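Engineer: here is a sequence together with a model predicted from it:
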There are 2 protein chains.
Amino acid sequence: MALDGRVEAAMLRAMALVQSEAAPPRLGAALPYGVFPGGARIRPTILMSVALACGDDRPALTDAAAAALELIHCASLVHDDLPAFDDADIRRGKATVHRAFDEPLAVLTGDSLIVLAFEVLARAGAEAPERALHLVRHLAQRTGMPFGICAGQGWESESQIDLAAYHRAKTGALFMAATQMGAIAAGQDAEPWEELGARIGAAFQVADDLKDAVLGAEDMGKPAGQDVAHGRPSAVTELGVAGAVAHLRDILGGAIASIPACPGEAMLAQMVRAYAEKMTPARLTAAKG
Amino acid sequence: MALDGRVEAAMLRAMALVQSEAAPPRLGAALPYGVFPGGARIRPTILMSVALACGDDRPALTDAAAAALELIHCASLVHDDLPAFDDADIRRGKATVHRAFDEPLAVLTGDSLIVLAFEVLARAGAEAPERALHLVRHLAQRTGMPFGICAGQGWESESQIDLAAYHRAKTGALFMAATQMGAIAAGQDAEPWEELGARIGAAFQVADDLKDAVLGAEDMGKPAGQDVAHGRPSAVTELGVAGAVAHLRDILGGAIASIPACPGEAMLAQMVRAYAEKMTPARLTAAKG
């Protein structure tokens, strides 16, 4: 996928907005630390892919939407790693923000990245204010309560978990945002793109469960076996490894079938297939093959 | 001030957006707990007052702006009370969110309230998308890095504090947002309204320092003596009590002088005078009188 450079350029432009000689230096350093180097940048890449498939007639708005979505994702990682949640020491192969800086700065880094996401959208909206405002609303709904990633994380504080609502909010929400914000940025109707996002999100969740259960910490760049350690629901504990792999393939087949008719349909199907390869841990593919 | 009802109605409409039978119930309860009953609602009241002084031709947008600003303020209180920051047990006369619920839910409450602020603005923008987008950008800049309240809080993690930048960001930012978003919501230029907000914010900071130093916990609804306990800079430690009271009066005189020419000029001057009365602790006024 040749979009990597476009995603990183958008992230760099966004992060430049929070830098100033007159800002508190440690928080100023913690923000880029939480964002660079990135992980797979899968959500903004999907967003840009859908925008391109829809014509991408406002590329600056697409770039802003992609950066905004990834900023929210980075914020959620910083807050999820906090001692009160996963108490994680390592993320993307280096110390988590609260370990590298401190806990107050990690809270403020997450807060600042959330705010920056909306600022980026607002700044890009001059030429198409209605689309930009729609992007603000959509991103907010996929991030906050009652159905965004905050709600997803909130389910982990309940004694009775609604599993479907939990996965749809915690993992699905930002993938639905990825496909739908790509459509909105390109001036298209968002609704037909929800299923593709939901299915990619569901596949990603199953793949994450598989990785957590099967891979070691070295392959993941973060501690493994966290689902069992934290008593979290997982497709692997539910279906077993082979069952989870089969389930992952079913979901991705459905994802390809759900792609709305558009000029970029074949390109998107290829993208989903590529993610399917990437998402299935190699030693499982080998075991199946 | 007859705006109290209008502010609370706007807050209730905003909070209704995050409620759902299908959301995680404890987080669903923590959000309104962090917002109701409110404190003085001084920021949204100032915002509405300025909007009225500017004609208030889009009252729904004014309401949304007022609610959004107060949601950011409430979010900042929830996060500032966390164990990693002030570790406060009591806020507005009841247990803080992390004490009444737990720490993860307090982090998520703050996050969700920040996100809701931007959702509220986006939803109100249909009739005037450019104004709404300007409000999103302005609120984001007053909230995040490098100059918003997150930056203000971030200064507390520095060994060398730029005191002017610290106060301007931590307390001033949301008062500047109050006057300027009021103008923006009413379709007016924001720039002439910055000084009034900055001065009210500076006055509020001095008044808060005075209250923290002079009043007991019972009068404040939260623990007193926190500035000294946390080694925070304060106008009282700098100028003494009498010096701080004199400084407060100077600032408020300048605030009244800074009000831009507009139909509601006299009403706004009256509002600032009323706040001046409210902000000066009664026993200090008595001592001076």
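Structural biologist: Everything's here; your move.
Engineer: which residues in the stretch 101-250 of chain A form helices?
Structural biologist: For the stretch 101-250 of chain A, the helices defined by DSSP state H, counting those that start in this stretch cover A:103-123, A:129-143, A:149-155, A:163-167, A:173-185, A:194-214, A:217-220, A:226-229, A:235-257.
Engineer: now tell me which of these the model trusts least on average.
Structural biologist: Mean pLDDT values for these show the minimum at helix A:217-220, a mean of 63.
Engineer: dump the helices of the stretch 101-250 of chain A into TSV; add distance to residue A:279 as well.
Structural biologist: Just so you know, the C-beta spots here come from the backbone N, C-alpha and C atoms, and that holds for glycine as well. TSV is the format used below for the helices of the stretch 101-250 of chain A (distance: least, C-beta to C-beta, whole Å):
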stretch	distance to residue A:279
helix A:103-123	25
helix A:129-143	21
helix A:149-155	19
helix A:163-167	15
helix A:173-185	12
helix A:194-214	4
helix A:217-220	13
helix A:226-229	16
helix A:235-257	7
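Engineer: how near is the residue of the stretch 151-289 of chain A found nearest chain B to residue A:87?
Structural biologist: Distances between the stretch 151-289 of chain A and chain B by C-beta to the nearest C-beta are smallest at residue A:154, namely 3.4 Å. Shown here: residue A:154 relative to residue A:87, a distance of 18 Å by C-beta to C-beta, to the nearest Å.
Engineer: ok, these two, which is more surrounded?
Structural biologist: Using other C-beta atoms under 10 Å in any protein chain shown, the more surrounded residue of residue A:154 and residue A:87 is residue A:154, with 29 against 13.
Engineer: can you report how many residues lie near residue A:271?
Structural biologist: Neighbour count of residue A:271, defined by other C-beta under 10 Å: 21.
Engineer: roughly how far does the closest residue to it other than its chain neighbours sit from residue A:124?
Structural biologist: In space, and not counting its chain neighbours, residue A:271 is closest to residue A:49: 5.3 Å by C-beta to C-beta, 6 or more residues apart in numbering or on different chains. Per C-beta to C-beta, residue A:49 is found 19 Å from residue A:124.
Engineer: residue A:161 too?
Structural biologist: Residue A:161 is 37 Å from residue A:124, by C-beta to C-beta.
Engineer: do residue A:255 as well
Structural biologist: Per C-beta to C-beta, residue A:255 is found 28 Å from residue A:124.
Engineer: show residues contacting stretch A:21-40.
Structural biologist: A:7-8, A:11, A:15, A:18-20, A:70-71, A:74-75, A:77-78, A:92, A:97, A:100-101, A:105-106, A:108-110, A:112-113, A:116, A:278, B:145-147, B:150-151, B:154-155, B:157-158, B:162, B:165 (C-beta atoms under 8 Å, 6 or more residues apart in numbering or on different chains).
Engineer: circling back: which residues touch the helix or strand hosting the residue nearest to residue A:271?
Structural biologist: For residue A:49, the element it lies in under DSSP states H and E is helix A:42-53. Identification of contacts with helix A:42-53 by C-beta under 8 Å, 6+ apart yields A:1, A:3-4, A:6-7, A:10-11, A:56, A:59, A:62-63, A:65-67, A:69-70, A:73, A:174-175, A:177-179, A:181-183, A:185-186, A:193, A:196-197, A:200, A:204, A:262-265, A:267-268, A:271, A:275.
Engineer: at 7 Å what do you get?
Structural biologist: With C-beta atoms under 7 Å, 6 or more residues apart in numbering or on different chains as the test, helix A:42-53 has contacts from A:1, A:3, A:6-7, A:62, A:65-67, A:69-70, A:73, A:174-175, A:178-179, A:181-183, A:185-186, A:193, A:200, A:262-265, A:267-268, A:271.
Engineer: show the buried residues in these.
Structural biologist: A:1, A:3, A:6-7, A:62, A:65-67, A:69-70, A:73, A:174-175, A:178-179, A:181-183, A:185-186, A:193, A:200, A:262, A:264, A:268, A:271 (16 or more other C-beta atoms under 10 Å in any protein chain shown).
Engineer: around chain B, which positions in the stretch 101-250 of chain A sit nearby?
Structural biologist: Those residues of the stretch 101-250 of chain A that sit near chain B, judged by C-beta under 7 Å from any C-beta of the partner chain, are A:102-105, A:107-108, A:111-112, A:114-116, A:118-119, A:122-123, A:125, A:129-130, A:132-133, A:136-137, A:140-141, A:143-146, A:148, A:150-151, A:153-155, A:157-158, A:165.
Engineer: only the buried subset of the residues you listed, as a PyMOL command please.
Structural biologist: The buried subset of those, as determined by 16+ other C-beta under 10 Å, is captured in PyMOL by this line:
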select buried, chain A and resi 103+104+105+107+108+111+112+114+115+116+118+119+122+123+125+129+130+132+133+136+137+140+141+143+144+145+146+148+150+151+153+154+155+157+165
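Engineer: test my guess that residue A:179 contacts residue A:195.
Structural biologist: No: using C-beta atoms under 7 Å, residue A:179 makes no contact with residue A:195, being 8.5 Å away.
Engineer: number of nearby residues for the closest residue to residue A:165 other than its chain neighbours?
Structural biologist: Leaving aside its chain neighbours, residue A:165 sits nearest to residue B:22 (5.7 Å; criterion: C-beta to C-beta, 6+ apart). A count of nearby residues for residue B:22, using other C-beta under 10 Å, gives 13.
Engineer: and residue B:22, which of the three is it?
Structural biologist: Here residue B:22 is coil, with the state taken from DSSP: H, G, I helix; E, B strand; the rest coil.
Engineer: same question, the one 4 residues further on
Structural biologist: At residue B:26 the chain is in helix, as set by three-state DSSP.
Engineer: next, count neighbours for it.
Structural biologist: 17.
Engineer: try the one 4 residues further on
Structural biologist: Under the neighbour criterion other C-beta under 10 Å, residue B:30 is assigned a count of 28.
Engineer: same check on residue A:277?
Structural biologist: Neighbour tally, residue A:277, other C-beta under 10 Å: 10.
Engineer: do residue A:163 as well
Structural biologist: There are 10 residues near residue A:163, going by other C-beta under 10 Å.
Engineer: before we move on, back to that, compare residue A:161 and residue A:124 (neighbour count), which wins?
Structural biologist: Neighbour count, other C-beta under 10 Å: between residue A:161 and residue A:124, residue A:124 has more, with 26 against 15.
Engineer: show me the contacts for the more buried one.
Structural biologist: Counted by C-beta under 7 Å, 6+ apart, residue A:124 has contacts A:60-61, A:64, A:132.
Engineer: pLDDT score for it?
Structural biologist: For residue A:124, pLDDT reads 98.
Engineer: quick one, phi psi at the residue lying closest to it once chain neighbours are set aside?
Structural biologist: Excluding its sequence neighbours, the residue lying closest to residue A:124 (C-beta to C-beta, 6+ apart) is residue A:64, at 3.4 Å. For residue A:64, the backbone dihedrals (degrees, to the nearest 10) come out as phi -60, psi -40.
Engineer: residue A:64: neighbour count?
Structural biologist: Neighbours around residue A:64, by other C-beta under 10 Å: 26.
Engineer: wait, it sits on residue A:121?
Structural biologist: Yes: using C-beta under 7 Å, residue A:64 makes contact with residue A:121 at a distance of 5.5 Å.
Engineer: give me the neighbour count for residue A:272.
Structural biologist: 21.
Engineer: which element, helix or strand, includes it?
Structural biologist: Going by DSSP H and E, residue A:272 is in helix A:265-279.
Engineer: CA atoms only: put that helix into PDB for me.
Structural biologist: Output in PDB follows, covering the C-alpha atoms of helix A:265-279 (Å, rounded to 0.1, in the frame of the first residue of the first chain):
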ATOM      1  CA  GLU A 265     -14.300  -1.600  -5.500                       C
ATOM      2  CA  ALA A 266     -11.600  -4.000  -6.800                       C
ATOM      3  CA  MET A 267      -8.800  -2.000  -5.100                       C
ATOM      4  CA  LEU A 268     -10.600  -2.200  -1.800                       C
ATOM      5  CA  ALA A 269     -11.200  -5.900  -2.100                       C
ATOM      6  CA  GLN A 270      -7.500  -6.300  -2.700                       C
ATOM      7  CA  MET A 271      -6.800  -4.200   0.400                       C
ATOM      8  CA  VAL A 272      -9.000  -6.400   2.600                       C
ATOM      9  CA  ARG A 273      -7.300  -9.500   1.200                       C
ATOM     10  CA  ALA A 274      -3.900  -8.000   2.000                       C
ATOM     11  CA  TYR A 275      -5.000  -7.200   5.600                       C
ATOM     12  CA  ALA A 276      -6.300 -10.800   5.900                       C
ATOM     13  CA  GLU A 277      -2.800 -12.100   5.100                       C
ATOM     14  CA  LYS A 278      -1.200  -9.600   7.500                       C
ATOM     15  CA  MET A 279      -3.700 -10.200  10.300                       C
END
